[in-house]
Structures are given as structure tokens and as C-alpha cells.
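> no FASTA, just this:
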């Protein structure tokens, strides 16, 4: 039984690490603040949740697992609030979202546009 718990916990830890890295890459690759907030709040929440669940399995069911569960609950409650507050602050500062039409003119949109700024 211990081998099964170890394998499951390490699988959760590896998956959580993968999602956290993908969220970090999303922060760098996304074009504007709103999509970056989305990448950070959704993907990193999943990554941190899987990491903490893997740590709970590694710790066993005791006081440490209770503390990790409390941290997980705080994380799931506060991450959406922080993402919403960041989006509201960006809206308050009148930061406009980068639309698909704007990306096409720069050459990195889905239509491929050119670097000369002409629409395809």
C-alpha cells in the first residue's frame, strides 16, 4: 500500500510542477495583462493544488496534512479574489485588452498578418 501512495503522490507532484511551469510560461508568452492574469490564476491554481495534494499524501494523515489542507483552502479562496482585484485595477487604469485585430497587424495573430502592418 505504501508503494501505491508514494507513486500517486509523486504523480501528483510531477503533474503539479508541470502545470506550474506551463503557467509561468503563460505569463511570459501572453500578449496582455488580462490573458496573463487568466494564465496565472487558472493554471497555477491547478498546479499548486496538485502539488499540495501530493504533499498531503507524502505527509500522511496527521497534523501536517491538516495544515496543508488549510493552506490549500486558503489558496483556492484567495487566488480568484487576487485575480479579480488585479483585473479591476487594470480596468481602473484604463488598460485596454489586446484584441485579435490588434495582434494581426503586428504579425503574431492567428491569421499570420505581416510585419508591415497591413491586414491580410
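Right, received. Where do you want to start? Small disclaimer: the values here were computed from a predicted structure and weren't measured.
> got a list of what residue 8 touches?
Going by C-beta atoms under 8 Å, 6 or more residues apart in numbering, residue 8 touches 54, 57. For the C-beta atoms, the positions are set from N, CA and C on the backbone; glycine is no exception.
> I'd like the distance between it and residue 50.
Relative to residue 50, residue 8 is positioned 11 Å away (criterion: C-beta to C-beta, to the nearest Å).
> now residue 5
Distance, residue 5 to residue 50, using C-beta to C-beta: 15 Å.
> Residue 66 too?
Plainly put, residue 66 is 19 Å away from residue 50 if you go by C-beta to C-beta.
> and what of residue 56?
Counting by C-beta to C-beta, the gap from residue 56 to residue 50 is 11 Å.
> Same check on residue 89?
Noted for residue 89: a distance of 29 Å to residue 50, by C-beta to C-beta.
> which helices and strands does the helix or strand hosting residue 91 pack with?
Under the assignment given by DSSP states H and E, the secondary-structure element containing residue 91 is helix 63-92. If you count contacts as 3 or more C-beta pairs under 8 Å, 6 or more residues apart in numbering; DSSP states H and E, helix 63-92 packs onto helix 33-59.
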